[in-house]
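1. just to be clear, the model below is a prediction. Sequence and coordinates:
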Amino acid sequence: MILRRDFVVGAVLIALAVAMIWGAQGFPRIRAMPYGPDLFPKIIAGGLILSALGIILEGLRNMRSGQADDSTTRGTITPLAALSFLGIVALVAGFALLLPVLGFHVAAALVLLCAVRIFGGNWVLAGIMAVFAPVVLHYIFYTVMRVVLPWGVLASYAW
Amino acid sequence: MDLIAIFTIVLEPRILGTILLCTLYGAFVGAMPGLTATMAVALLVPFTWFMDPVQAAAAIVATTTTAIFAGDISGALLKIPGTPASAAYVEDSFRLSQTGKPRTTLFTSLFASVCGGVIGVAILAYATPQLAQLSRSFSSDEAFWLATLGLSCAVFVGGPSVPRNFASLFIGLAVATIGIDVAVGHPRYTFGVLELYDGINFIPAMIGIFALSELLRNAALGRQTRLGKLVVEPLLVAIRAAWQEFCKRWVNVIRSASGGTVIGALPGAGADVAAWIAYAVSRRFSKTPEAYGRGHVEGIVDGGAANNAAVAGAWTPALVFGIPGDSVTAIAIGVLMMKGLTPGPDIFANDTVLVYTIFGSFFMANVLMLFTGGLAVALATQVLRVPRAVLMPLILLLSMIGGYAITGSVIAIWIILALGLLASGMIWASIPLAPAILGIVLGRIVEDNFMVSMMKARGDLTEFFARDTAAVLGTLTLLVWAALLLRAGWSFFGNRTSSK
């Protein structure tokens, strides 16, 4: 049986709400105050649960009326598409981890090299972008806009 | 402030140059399929960080105004709306282009957009000071109801599914709870990360939601847009034909621009909703409704005027109440707050120059759009040939540096990633993004004002209805909630009855 998208969405929202309520249990209360820091998170969690139930009910209604699940009518996700998606996620995470260690130039060059390939460019284009774009962007942000970008392994060449 | 004083500021080389550059930038980003006006503004924010508030506001206004029009370019040539605001009439503009009139179609849309934008800013300049006067006596009770009403409106106009609109709103509010709470100063959901004590920084959040989610979608789709062979008319012939077409439809422009401004002022209803409604109204009043969707220029004029007027309309609640009318004004509020300015009625008294420069910038951006938008139309076929493999990686890198530049820490990049994934998940689940944005912006305001009011009233909830204005706003909010419940019930039980 294919799990309908509405049920997955509902379950995820309920899990998020339960996590919020569980997290709010440890918030301190002051006796003099009628409402504490746990009030809004609990209201929001309640709203998330009600919304999730509404989405599940919508899914049930559509299933009974024989309406196809949106996720199946949109077509399946190909392995290449999933890989491209995960590739971009990995690039962002990698940039966050490598920026303080390798510095802006090297981390940005690596990101561009991979990103150009993910978006369908060839190795020549990827190489050109990886060499020139970090230098131009570094000039704009570091020199013109005075953003303190880390130099990392190129610290000895810093100005 | 008089008109001469406003234009003296707007015509300063620094401001005028910013407006000119940003209209060019907006025209380029708006014309590219998959790059929205909000994304253009989100990517612009790191640069506004280094501008003074007047220049920053002018930059945002000019970028949005042109990007919304430029969305028509890829719509007409590729049948892919550059921004969602062009989707309502994309079928008409594409079909007209295929008949050998791409430039005439786009110039007609440009004239309608400029005129719509100017009408929008005229209404904005007239209405906002009056509303600000009215709201100057607001206390925390009224501020609470106003923010709640804004959130409720966002749910009301969000999309066809009420539970999904509510889910979006609560997701945004959940994000807003992260950080130190106003009641006792306790850190909530920060997991010991000190940088999260001040809450989720708004700018990386917007970059994640609007730029990264779009990049992820583009990567997954692997879409390559190809511009086929197109018959293009000579520029002057196209401009003349477009001007004649525009002059025939001036009533449509005035009607749609006025309606678009009002719709744009509703929190959560942006330029796209305004264009859809204007298009539907246009068809209803047209003598040839059967021609709509088959390459009819009337719908393009109405939609084009409405979406650009809505851009100005969205600034009304943003300036007067601090409640964003759309995602762009949500970012603009974030930018102004970073610069120590809090939008609201007091801004009219304390920062008159800023407010009136925004009006002047809107006007100037629309005038300059005649040239920069015209240039974009003339160069459209070249602009659309920029390879995706060059553009997307640069946007990815700019997004991350932009976030880093604001916070000076890699936490911004993690926020971009987390919220980009969240937005992608919401898009997959058909949950609209607009209510979540308002939730993130207004969550703190709602909670802070609620707590202040409750401390004053010692926990007595009826005090929220004690003042006249608060009672009116509270009743309005409750009516919107009742309408939402009715709509949800009707869509559930009504559909069930009809399906039997």
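-> Good, I have the coordinates.

2. the nearest residue to B:I209 once chain neighbours are set aside: what's it in contact with?
-> Excluding the flanking residues, the one nearest B:I209 by Cβ to Cβ, 6 or more residues apart in numbering or on different chains is B:A423, at 4.3 Å. Yep, even glycine has a C-beta here, placed from its N, CA and C like the rest. Applying Cβ atoms under 8 Å, 6 or more residues apart in numbering or on different chains to B:A423 gives the contacts B:G208, B:I209, B:F210, B:L212, B:S213, B:L433.

3. checking the residue of chain A most remote from its centre next. Helix, strand or coil?
-> Ranked by distance from the centre of chain A (Cα atoms, centre = their mean), the top residue is A:A32, with 40.3 Å. Secondary structure state of A:A32, per DSSP: H, G, I helix; E, B strand; the rest coil, is coil.

4. count the neighbours of the residue of the stretch 51-200 of chain B found nearest chain A for me.
-> Nearest residue of the stretch 51-200 of chain B to chain A (Cβ to the nearest Cβ) works out as B:P163 at 2.7 Å. Residues within reach of B:P163, counting by other Cβ atoms under 10 Å in any protein chain shown, total 24.

5. follow-up on the earlier one: okay, and which of the contacts of B:A423 map to helices?
-> Taking DSSP state H, the ones among the contacts of B:A423 that sit in helices are B:S213.

6. neighbour count for the contacts of B:A423 - can I get that in CSV?
-> Converted to CSV, the contacts of B:A423 look like this (neighbours: other Cβ atoms under 10 Å in any protein chain shown):
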residue, neighbour count
B:G208, 28
B:I209, 28
B:F210, 27
B:L212, 30
B:S213, 22
B:L433, 21
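
7. now, which of the contacts of B:A423 sits nearest chain A?
-> Lowest distance from chain A to those (Cβ to the nearest Cβ) belongs to B:L212, with 6.9 Å.

8. so which residues of chain A form helices?
-> Using DSSP H, the helices of chain A run over residues A:5-24, A:39-64, A:70-73, A:79-102, A:104-118, A:123-138.

9. tell me the confidence at the residue lying closest to B:T48 once chain neighbours are set aside?
-> Once flanking residues are discounted, B:T48 sits nearest to B:A56: 3.8 Å by Cβ to Cβ, 6+ apart. On the pLDDT scale, B:A56 is placed at 89.

10. got the contact list for B:A56?
-> The contact partners of B:A56, taken as Cβ under 8 Å, 6+ apart, are B:T48, B:V335, B:L336, B:K339.

11. likewise B:R444?
-> Neighbouring residues of B:R444 by Cβ under 8 Å, 6+ apart: B:A176, B:V182, B:G199.

12. quick check: which element contains it?
-> For B:R444, the host element (DSSP states H and E) is helix B:434-457.

13. and the next helix or strand past that helix?
-> Once helix B:434-457 ends, the next helix or strand along the chain (criterion: DSSP H and E) is helix B:468-489.

14. with just CA atoms, put stretch B:304-316 into PDB.
-> Provided in PDB are the C-alpha atoms of stretch B:304-316 (Å, rounded to 0.1, in the frame of the first residue of the first chain):
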ATOM      1  CA  GLY B 304       0.100  43.500 -15.100                       C
ATOM      2  CA  ALA B 305      -1.400  46.600 -13.600                       C
ATOM      3  CA  ALA B 306      -2.700  44.700 -10.500                       C
ATOM      4  CA  ASN B 307       0.500  42.900  -9.600                       C
ATOM      5  CA  ASN B 308       2.700  46.000  -9.700                       C
ATOM      6  CA  ALA B 309       0.100  48.100  -7.700                       C
ATOM      7  CA  ALA B 310       0.000  45.300  -5.100                       C
ATOM      8  CA  VAL B 311       3.700  45.800  -4.600                       C
ATOM      9  CA  ALA B 312       3.000  49.300  -3.300                       C
ATOM     10  CA  GLY B 313      -0.100  48.200  -1.400                       C
ATOM     11  CA  ALA B 314       1.900  45.600   0.600                       C
ATOM     12  CA  TRP B 315       3.800  48.500   2.200                       C
ATOM     13  CA  THR B 316       0.700  50.000   3.700                       C
END
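
15. ok so, going back, who's in contact with the closest residue to the residue of the stretch 51-200 of chain B closest to chain A other than its chain neighbours?
-> Computed as Cβ to Cβ, 6+ apart, the closest residue to B:P163 that is not its neighbour in sequence is A:G54, at 2.7 Å. By Cβ under 8 Å, 6+ apart, the contact set of A:G54 is B:V162, B:P163, B:F166, B:A167, B:A488.

16. make a PyMOL selection of whichever of those residues turn out to be buried.
-> Here is the PyMOL selection string for the buried members of the contacts of A:G54, based on 16 or more other Cβ atoms under 10 Å in any protein chain shown:
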select buried, chain B and resi 162+163+166+167+488
